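Visitor: what follows is a predicted structure for the sequence shown.
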Amino acid sequence: MIRREFLKSLGLAAGSLAVPGDVARLYAALSAAGTIERQKVIIIGAGLAGLGAAYQLDKNGHSVTVLEARLRAGGRVMTMRHPFADDLYAETGGEWINSAHQHIIMLAKEMGLELREGYGKGGLFRNGRLMSHAEARDRIPGMARLQTAVQDLQKDINVGELPSRSARRELDGLSYLEYLRLGGVDEEAIAIERQHINGLMTVKLEEISAMHMAYEFALPQEEDKQEMRIVGGNDQLPRRLAERLGDRVRFGRPAVSIEHDQGGVRVRYKEDDRVRSMDADHVIIAIPASCARNLKYEPALPEESERALNAVGYGRVMKTLIQTRRRFWEEAEPPFESVGTDTEVGGIYHSSQSLKRQRGILTFYSGGSCADAMANYGLAERLAHAKEICGQIWPGMNQLCEQGVCQHWNAEAWTRGSYAFFAPGQNTTVREWLRQPVGRLHFAGEHTSVWQGYMHGAVESGFRAAREIDAMVSCEPCHR
C-alpha cells in the first residue's frame, strides 16, 4: 500500500515533531557573520543526501567534490521513462512527498520544480474481494482494536528525542507483532496490518521494533493533503542539483577506503579500474549503511559506530511497472486508484496521474514478504503474475496490460535494500550512533534521519551533515 494511506483510512491522530534547532541557529548566525572558514569536503554518494549536503556547503562557500559509484545522480530516486509510450513515466524508487516534508519541498522550489498531488481513493483486495477501507473496518474483526493499539503505541512519543532517552524505551524490546498480540489485536486484523507494514516499512511485523513503529506513526501527517510527486519525474531534483554542481560531481567513482586523523581525510576510490586518492578537510558518507559498512576505515571506526553500521538492517522492495492501454480503474465502481492486496504483488496504484493520456501506468509495489516471494521469479514471470492479479481485481482488464519493467532494489549493487529498519532492541542501542560524527567523518542518508525511509529524510540528513561541518570549523579555535 502507499505509505501512510492506511493510517489515514483509519483516521489515526498524528504526533508532533520537535526538531532540535541549536545547530541550525548556530549555522545561520555564523553564516551571517562570515566566520565560517572555507573547507574542502568530499561527499561519497550523489543521492539526495549527498547532493543536498553538497548544495548547502557550496552555497556557504566551501569546496565540494561528490564521488558517485553509479553513472547517474539520484541513488534510490529513479524515474523510468523507457519503454513506455506517450511520454509516460513512473517512479521505480523514492516516490512520495507530503506537505510536512518542508526541506525537500524547499529544495524542489529552489530548483524550479513543481509538485502535484499523486493519487485518489484507495481500497483493499482481500480473499478475492475488492472493498473500501470503510467497509474493511466494518467487516473485518478486530479493526477497531487495531486502531486503538496503534494510537496507544504513539502516545508520549517525541520524534525529536533520542529513543534511548524516551520514556517508553520498553517498546524497543518488542517486535511490532508481539506488541499487537499483547494488546489483544485479532489475528485477522493483524493480517491486514501485515499487508500494511509490508508496504510501509518493507519488512515483516516480527522483524521490526515496536518502538520503531511508534516513531514512524508519530511523524507529522497532513490529514487534509494528498501525497505529492515532482511533475516530470522525481529524478529531476537530483539531476538539477548535479547540474548546479557541474564537474564537481564525478560519476563512476566508487569509494574504497577512508583514512582520517585530526589533520584531514584521504579518500581512495576507483576510476577506470585504477585506485586513486583525494585529500580533504572533511568527508560526508552519504550512502546506505548497507554499502558504507563495506568501506575500509583507517583507523577503524569507534566500536559503537562500527556496530551500528553493521547491525542496521534493510527492508526488501520491488516495483513492477506495467503500461495499460487505457485507465480502466477509473471506469470501475468504485474507481480506486490504489489497492492494497493480500497477494504476492503487494499494493497496486496508478502512477501517471500528472499526464493526461488514454494510457496509464500501474505500479505493483512488493515489499517485505511480498518482495521475498516475487524475488524467486524472473522478469517475464513477475510481469505475468502482476497481470494475473490485475485481472482478479478488475476482471478481464489484464488484457489491456502492455509492456512493463521491474526494479528490484535488493539486487542493486549500490543499494542492497529498500530503506533502513530497526529490529527489536536496536532503536535504543543502534539508531543514534548512525548519525554521530567521528572526527572529520560525517554520516548522512535516510538511515540517519528522524524521517527514516523518506526522500525528505535523505535531504534533511544532508543539510544536517553540512551544518555539522560549519559548526565544527567555527568552533575549532575553542578546541586548540
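Guide: Yep, it's here. Numbers count the residues shown, from 1 in each chain.

Visitor: now the spatially closest residue to residue 402 that is not a sequence neighbour: how far from residue 88?
Guide: Take residue 402 and drop its neighbours on the chain: the residue closest to it by Cβ to Cβ, 6 or more residues apart in numbering is residue 323, 4.5 Å away. For glycine as for every other residue, the C-beta is placed from the backbone atoms N, C-alpha and C. With distances taken as Cβ to Cβ, to the nearest Å, residue 323 is found 6 Å from residue 88.

Visitor: now residue 56
Guide: For residue 56, the distance to residue 88 - Cβ to Cβ - is 34 Å.

Visitor: returning to what we had before: got any residues that touch both of residue 323 and residue 88?
Guide: Both residue 323 and residue 88 are contacted by 359-361, under the criterion Cβ atoms under 8 Å, 6 or more residues apart in numbering.

Visitor: report the longest helix in this structure, please.
Guide: helix 455-479 (DSSP state H).

Visitor: what packs against that one?
Guide: Contact analysis of helix 455-479 by 3 or more Cβ pairs under 8 Å, 6 or more residues apart in numbering; DSSP states H and E lists helix 22-33, helix 48-59, helix 102-110, strand 282-285, strand 441-443 as its packing neighbours.

Visitor: run the angle between that helix and helix 102-110 for me.
Guide: Per axes from the mean of the first three to the mean of the last three Cα atoms, to 10 degrees, the angle that helix 455-479 makes with helix 102-110 is 100 degrees.

Visitor: quick check: angle from helix 455-479 to helix 48-59?
Guide: Going by the same axes, to 10 degrees, helix 455-479 makes 50 degrees with helix 48-59.

Visitor: buried ones in helix 455-479, by neighbour count?
Guide: 455-474 (16 or more other Cβ atoms under 10 Å).

Visitor: one more: stretch 254-265?
Guide: Buried, per 16+ other Cβ under 10 Å, within stretch 254-265: 254-255, 258-260, 264-265.

Visitor: identify the residues contacting that stretch?
Guide: 42, 44, 67, 69, 266-270, 275, 279-283, 285, 287, 295-299, 414, 438-441.

Visitor: one step back: most tightly packed of the helices and strands packed on helix 455-479?
Guide: strand 282-285 (a mean of 28; mean count of other Cβ atoms under 10 Å).

Visitor: make CSV out of the helices and strands packed on helix 455-479 and add distance to residue 421 and mean pLDDT.
Guide: Shown next, in CSV, are those (distance: least, Cβ to Cβ, whole Å; pLDDT from 0 to 100):
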stretch, distance to residue 421, mean pLDDT
helix 22-33, 26, 50
helix 48-59, 17, 98
helix 102-110, 21, 96
strand 282-285, 20, 98
strand 441-443, 17, 98
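
Visitor: reformat those as JSON lines; add distance to residue 387.
Guide: Conversion of the helices and strands packed on helix 455-479 to JSON lines gives the following (distance: least, Cβ to Cβ, whole Å):
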{"stretch": "helix 22-33", "distance to residue 387": "49"}
{"stretch": "helix 48-59", "distance to residue 387": "33"}
{"stretch": "helix 102-110", "distance to residue 387": "34"}
{"stretch": "strand 282-285", "distance to residue 387": "41"}
{"stretch": "strand 441-443", "distance to residue 387": "42"}
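
Visitor: closest one to residue 373 among these?
Guide: Proximity to residue 373 (Cβ to Cβ) singles out helix 48-59 among those, at 29.6 Å.

Visitor: show me what that closest one is packed against.
Guide: Counting by 3+ Cβ pairs under 8 Å, 6+ apart, helix 48-59 packs on strand 40-44, strand 63-67, helix 102-110, helix 236-245, helix 455-479.

Visitor: right, so of the ones you listed, which gets closest to residue 132?
Guide: That would be helix 455-479 among the helices and strands packed on helix 48-59, by Cβ to Cβ, at 29.0 Å.

Visitor: what sits against the closest residue to residue 172 other than its chain neighbours?
Guide: Spatial nearest neighbour of residue 172, excluding adjacent residues (Cβ to Cβ, 6+ apart): residue 211 at 4.1 Å. By Cβ under 8 Å, 6+ apart, the residues touching residue 211 are 163, 166, 168-169, 171-172, 174, 422, 427-428.

Visitor: you'd agree residue 211 is in a helix?
Guide: Yes - according to DSSP: H, G, I helix; E, B strand; the rest coil, residue 211 belongs to a helix.

Visitor: if I look at it, how far off is residue 262?
Guide: 36 Å.

Visitor: residue 95 touches residue 229, doesn't it?
Guide: Yes - contact criterion Cβ atoms under 8 Å: residue 95 and residue 229 qualify, at 6.3 Å.

Visitor: how's this protein carved up into domains?
Guide: Domain segmentation of the chain under automatic domain parsing yields 1-14+141-224, 38-76+235-313+419-479.

Visitor: first-to-last residue distance for stretch 203-216?
Guide: Start to finish, the residues bounding stretch 203-216 are 14 Å apart (Cα to Cα, to the nearest Å).

Visitor: and if you look at stretch 69-82?
Guide: End-to-end distance for stretch 69-82, by Cα to Cα: 22 Å.
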